[in-house]
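Novice: could you work out the structure for the sequence below:
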Amino acid sequence: MVKVAIVGSSGGKLDSYEKFGAMKAIVKIMKEYQNPTLISGRSPLGGVDVIAEMYADEYKIPKLIFPPVTENWEGYKNRNLAIAAECDVLYCITTRRKKIFCYHCKDGFHEKSGGCWTMKKAKEMGKPTKLIVLH
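Specialist: Modelled structure (predicted):
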């Protein structure tokens, strides 16, 4: 069993086309693994976390969800660290740069996302990670 973390952009940063693209990416990711368990964070803002969780529910994929205990940076930070620590592999799905470049990745190409911070922490823990930028 592989614990696959899927994190990324919150709901307000995704238009309907990007939500569809995120779903396609999630389907492709989860089909790469035999007997995966989804690890995610159930953002109260919706987005990639919630789309991944809906997919897991639909296809009866086991999941381990880490919702933030409080809706402030401390709550999100602790949740993100738990996701990074628990997963075997982490995928971050985000959008191209719209307003704020991702200072976590420092590439200027895609939008800032807490998912990228989580990805950075997972990398520091020696976990394989992959950034997916929706077009």
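Novice: rest of the way, CA atoms for contacts and neighbours
Specialist: OK.
Novice: so where does Ala22 fall, helix or strand?
Specialist: helix 16-31 (DSSP states H and E).
Novice: the lowest-mean-pLDDT helix or strand in the chain packs against which elements?
Specialist: When the helices and strands of the chain are scored by mean pLDDT, DSSP states H and E, helix 114-124 comes last with a mean of 88. With contacts taken as 3 or more Cα pairs under 8 Å, 6 or more residues apart in numbering; DSSP states H and E, helix 114-124 sits against strand 2-8, helix 73-86, strand 89-95, strand 129-134.
Novice: save the ones you listed as CSV, and put in mean neighbour count and mean pLDDT too.
Specialist: Below are those laid out as CSV (neighbours: other Cα atoms under 10 Å; pLDDT from 0 to 100):
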stretch, mean neighbour count, mean pLDDT
strand 2-8, 26, 96
helix 73-86, 19, 95
strand 89-95, 25, 92
strand 129-134, 18, 90
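Novice: could those be laid out in CSV, adding distance to Lys63?
Specialist: Below are the helices and strands packed on helix 114-124 laid out as CSV (distance: least, Cα to Cα, whole Å):
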stretch, distance to Lys63
strand 2-8, 9
helix 73-86, 12
strand 89-95, 14
strand 129-134, 19
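Novice: can you tell me which of these is nearest to Glu18?
Specialist: Closest approach to Glu18 among the helices and strands packed on helix 114-124 (Cα to Cα): strand 129-134, 6.4 Å.
Novice: ok, that closest one: who's next to it in the sheet?
Specialist: strand 89-95 (parallel) (DSSP bridges).
Novice: tell me what angle the partner strand forms with helix 114-124.
Specialist: Here strand 89-95 runs at an angle of 150 degrees relative to helix 114-124 (axes from the mean of the first three to the mean of the last three Cα atoms, to 10 degrees).
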